[in-house]
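Peer 1: Structure for this input, please:
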Amino acid sequence: MIGGPIPSGGFPLSARAPGKCILFGEHAVVHGRPELLLAIDLHTQVLAAPSSEMRLNGSASSLRENRYVAQAVDALWPPGASPVEWRTLSRVPRSAGLGSSAALCSALAATLLAAQGGAERSALAEASFAIERGAQGVGSPGDTSASVAGGLVALNASEGPPLWEVADAEHRWIVRRIRDPGWIWVVAYSGVPRNTAETVRAVGRRLAEPDGPVLLERFEEVALGGVAAVLAEDRHATGQRMDENHALLREVGVSHPKLESLLDAVRPAAEGAKLTGAGAGGSIVVLPKAGQEVECQRRLRRAGGQAFVVRADPRGAELVAPPDEPTPSV
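Peer 2: I've put the predicted structure just below:
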């Protein structure tokens, strides 16, 4: 279940938010098509406390150099308000397609909104997306919505109760809750960092070619089929749809030799597997065959991936007790 509103609070404030993986529909969602995402139990936590100047992990220059933190301050902290220092701790690999920026944006927004009286979760989702979009210049609200809501969420699908909607000048995304079948997943970072903004723009150019509309229809068909398979708790059909989705992502040019080597290594123990996120590096997500989670992790590590066994994080972004001494990491 989605959590309640973000309550009002005074400094020091700490919030944490989960990373995510995209099960179906990345890139097509930027053009208003369906997407299914899973919030994963790898988290980013931030601590906000009064300070003599605006700082990130002890440095004023680090705050301005981190475009997400700088965007959060510019968007949500009133000019002339008392300075704040943020410290961060994250288990989400950076530039890996696993939602490190979405988790950071959601946790930052939670502390800033709590300090100003709290907010409904829909407002937190909107603010988190505005921060990430402002920093990257492109994208959809899927990543930040998954981080805020927790669990499984779908954008622009017909199934599931609605949570909120987010719009920009071109598209409107309705975010819905999808029932979690309780499966265990494996994600693996290839070690090849990717640039979301550059990759999204490259795919946009590819989808502007004459066959672009046909490709978008195929992405939508696969994503909606994937949502139906998850709701039916049909592991085999879900895995088939994952493989089909990866073939489409390969067709639009966002796979990578390292990703393909990880996929080849894990397939004997997997129902299905695909790249997750922007691609051109980054990570893969695997639905293991029943009982094969550790075997999938072993195969991926032997192939050079940084592999994690993960479940859905059901809570999403939330305020938590401040840690004694968080370790800077973002």
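Peer 1: list the helices and strands the longest helix seen in the chain packs on?
Peer 2: The residue-count maximum for a helix in the chain (DSSP state H) belongs to helix 212-231. Contact here means 3 or more C-beta pairs under 8 Å, 6 or more residues apart in numbering; DSSP states H and E; on that basis helix 212-231 packs against strand 13-24, strand 35-50, strand 172-178, helix 196-207, helix 235-251. Where C-beta positions appear, they are placed from N, C-alpha and C, glycine not excepted.
Peer 1: now for those, which one comes closest to Val266?
Peer 2: helix 235-251 (11.5 Å; C-beta to C-beta).
Peer 1: and the closest one with helix 212-231, angle?
Peer 2: Orientation check (axes from the mean of the first three to the mean of the last three C-alpha atoms, to 10 degrees): helix 235-251 against helix 212-231 gives 160 degrees.
Peer 1: So which bits of whichever helix or strand comes after helix 235-251 are buried?
Peer 2: Next along the chain after helix 235-251, taking DSSP states H and E as the criterion, comes helix 257-266. Across helix 257-266, burial judged by 16 or more other C-beta atoms under 10 Å covers 258-259, 262-263, 265-266.
Peer 1: neighbours of the residue lying closest to Glu53 once chain neighbours are set aside, just the number please.
Peer 2: Distance criterion C-beta to C-beta, 6 or more residues apart in numbering; nearest residue to Glu53, sequence neighbours excluded, is Pro83 at 5.0 Å. Residues near Pro83, counting by other C-beta atoms under 10 Å, number 13.
Peer 1: What distance do you get for Pro83 to Arg64?
Peer 2: 13 Å (C-beta to C-beta, to the nearest Å).
Peer 1: which residues sit in contact with Asn245?
Peer 2: By C-beta atoms under 8 Å, 6 or more residues apart in numbering, the contact set of Asn245 is 24-25, 219, 222-223, 226, 274.
Peer 1: repeat that with 6 Å
Peer 2: Asn245 sits next to 24, 222, 274 when contact means C-beta atoms under 6 Å, 6 or more residues apart in numbering.
Peer 1: would the last one count as being in a strand?
Peer 2: Yes: when the secondary structure is assigned by DSSP: H, G, I helix; E, B strand; the rest coil, Lys274 falls within a strand.
Peer 1: That one: neighbour count?
Peer 2: 29.
Peer 1: pretty sure it contacts Met242?
Peer 2: Yes: taking contacts as C-beta atoms under 6 Å, Lys274 lies within contact range of Met242: 4.7 Å.
Peer 1: so where is this protein shaky, pLDDT-wise?
Peer 2: 1-2, 323-330 (pLDDT under 70).
Peer 1: May I have the phi/psi pair for the residue lying farthest from the centre of it?
Peer 2: Most distant from the centre of the chain: Ser52, at 32.9 Å, with distances by C-alpha atoms, centre = their mean. The phi/psi pair for Ser52 (degrees, to the nearest 10) reads phi -80, psi -20.
Peer 1: gap between Val30 and Val138?
Peer 2: Val30 is 7 Å from Val138, by C-beta to C-beta.
Peer 1: CA atoms of the longest helix of the chain as CSV?
Peer 2: Taking C-alpha atoms only, helix 212-231 is exported to CSV below (Å, rounded to 0.1, in the frame of the first residue of the first chain):
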residue,chain,number,x,y,z
GLY,A,212,9.0,5.1,-35.3
PRO,A,213,5.2,4.9,-34.8
VAL,A,214,5.2,1.1,-35.5
LEU,A,215,8.0,0.6,-32.9
LEU,A,216,6.0,2.6,-30.3
GLU,A,217,3.0,0.4,-30.9
ARG,A,218,5.1,-2.7,-30.4
PHE,A,219,6.5,-1.2,-27.2
GLU,A,220,3.0,-0.5,-26.0
GLU,A,221,1.8,-4.0,-26.8
VAL,A,222,4.6,-5.6,-24.9
ALA,A,223,4.3,-3.4,-21.9
LEU,A,224,0.5,-4.0,-21.6
GLY,A,225,1.1,-7.7,-22.0
GLY,A,226,3.7,-7.5,-19.3
VAL,A,227,1.4,-5.8,-16.9
ALA,A,228,-1.3,-8.4,-17.6
ALA,A,229,1.2,-11.3,-17.0
VAL,A,230,2.4,-9.8,-13.7
LEU,A,231,-1.2,-9.3,-12.5
